[in-house]
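Enquirer: model the following, please.
(one chain, ligands or ions: 2)
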Amino acid sequence: MQRFIENLPKAELHLHIEGTLEPELLFKIAERNQIDIPFTSVEELRKAYDFDCLQDFLDIYYQGANVLQTEQDFYDLTYAYLQKCDQQNVRHTEIMFDPQTHTDRGIAFETVINGISKACADAQNNFGISSYLIMSYLRHLSEEEAFKTLAQSLPFKNKIKAVGLDSSEKGNPPSKFKNVYEASVKEGYIPLAHAGEEGDADYIWEALDILKIVRIDHGNNALQDDKLVQEIIKRDIAMTVCPLSNKALQVVPDLKKHPLKKMMELGLKPTVNSDDPAYFGGQVNQNYITIQEALKLSKKDLYELAKNSFEYALLDKETKASYLAELEAYYKSNA
Ligand code: ADE
Ligand code: ZN
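Expert: Ligands and ions are numbered 1, 2, ... in the order given. Model (predicted):
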């Protein structure tokens, strides 16, 4: 099973680039930028990655991101992730980045996007991995601040495929961002959002009906509401599920009770993703491996999950078809 997963062609659709910052690289960048961090070793830092809830994690994740200052930092961070994609047969990835985490510290939007997108271009050339960028608004900040970020992004519109909504979910419902989503869509960005990770099903309804999202990040709590499940199926909307994240943030205390298999049985379209792999103990393949073991998934289930990852990617039809053909051929010869 492990080998089957490792060689399975797949796409990753839920990944925060700031969440790929491994302690080793964090220390290296902190040193070259002469930034003091409140940890003396990689081991001590890793020990701090023990979370009770989403907010607990976000506090340390934003602290980690503070070391990122130059275009080179963003390049190195992104290229390191894309090398891991290459090693895991991730053929396409849709990368979220949080501009406000950086612009609020005085880092230019341009520095962030140029570093990230140069790494993506190099990975396309060196490994043949395709990628899109998802600009995520921080939901603990105001809609007005999201509007500022939207304005800053416009000169780089050709580098950004979609908008997302992340950070502290509870108390920050999707409806808070209605106007900035409307404006983002007018600019040509595809609307996506985190919903139903810690928030209840009504947050998913809002993300669908008010933000008009075409894919749900997480979406676990959709299963609280049968009518919502039917609506998601009717609209043919996928969910980007993140098993190790769910475990680390106590969204799902026991992976044996994870809703992934139930989602598939109901006719929903989940995908498997790593969210913030440096913090949650595994890259995308480890997410597949762990959830396969916990739920006793079959090769056919794993194939379906990888198929969803390509079918619900934001790719054009032809590129999608070519990745799906690659997957099909793999499954036929390895089933
Ligand atoms: N930012 C990074 N990871 C996140 C997650 N899992 N939920 C909300 N915001 C995030
Ligand atoms: Zn996320």
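
Enquirer: let me see the contact set for residue 311.
Expert: For residue 311, the contacting residues are 238, 269, 320, 324, by CB atoms under 8 Å, 6 or more residues apart in numbering. C-betas here are computed from N, CA, C, even on glycine.

Enquirer: give the residue spans of the stretch 51-200 of the chain that score low on pLDDT.
Expert: The stretch 51-200 of the chain contains no residues with pLDDT under 70.

Enquirer: so how far does stretch 146-160 reach from one end to the other?
Expert: 15 Å (CA to CA, to the nearest Å).

Enquirer: and the chain, which of its residues are near ligand 1?
Expert: Along the chain, the residues adjacent to ligand 1 under the rule CB under 6 Å from any ligand atom are 16, 19, 54, 61, 166-167, 194, 197, 245, 275-276.

Enquirer: restricted to strands, list those residues.
Expert: Mapping the residues of the chain next to ligand 1 onto strands (DSSP state E) picks out 16, 166, 194.

Enquirer: and the residue of the chain that's closest to ligand 1?
Expert: residue 166 (3.5 Å; CB to the nearest ligand atom).

Enquirer: that residue against residue 99, yeah?
Expert: No. Residue 166 lies out of contact with residue 99 (CB atoms under 8 Å); the separation is 11.6 Å.

Enquirer: more neighbours: the two, which one.
Expert: A count of neighbours by other CB atoms under 10 Å puts residue 166 above the other of residue 166 and residue 99, at 27 against 24.

Enquirer: who's in contact with the closest residue to residue 20 other than its chain neighbours?
Expert: Excluding its sequence neighbours, the residue lying closest to residue 20 (CB to CB, 6 or more residues apart in numbering) is residue 81, at 4.2 Å. Applying CB under 8 Å, 6+ apart to residue 81 gives the contacts 15, 17, 20, 95.

Enquirer: pick out the most distant pair among the residues you listed.
Expert: Spatially, the most separated pair among the contacts of residue 81 is 20 and 95, at 8.9 Å (CB to CB).

Enquirer: got any residues that touch both of those two?
Expert: With CB under 8 Å, 6+ apart, residue 20 and residue 95 have common neighbours 78, 81.

Enquirer: next, count neighbours for residue 152.
Expert: 18.

Enquirer: ok, it to residue 189 distance?
Expert: Using CB to CB, to the nearest Å, one gets 13 Å for the distance from residue 152 to residue 189.

Enquirer: look at the residue nearest to residue 200 when sequence neighbours are not counted and report its pLDDT.
Expert: Once flanking residues are discounted, residue 200 sits nearest to residue 221: 5.6 Å by CB to CB, 6+ apart. Predicted confidence (pLDDT) at residue 221: the value is 98.

Enquirer: residue boundaries of the strands in the stretch 101-250 of the chain?
Expert: Remark: strands assigned in the stretch 101-250 of the chain by DSSP state E, counting those that start in this stretch are 130-138, 162-166, 190-191, 193-195, 215-218, 238-241.
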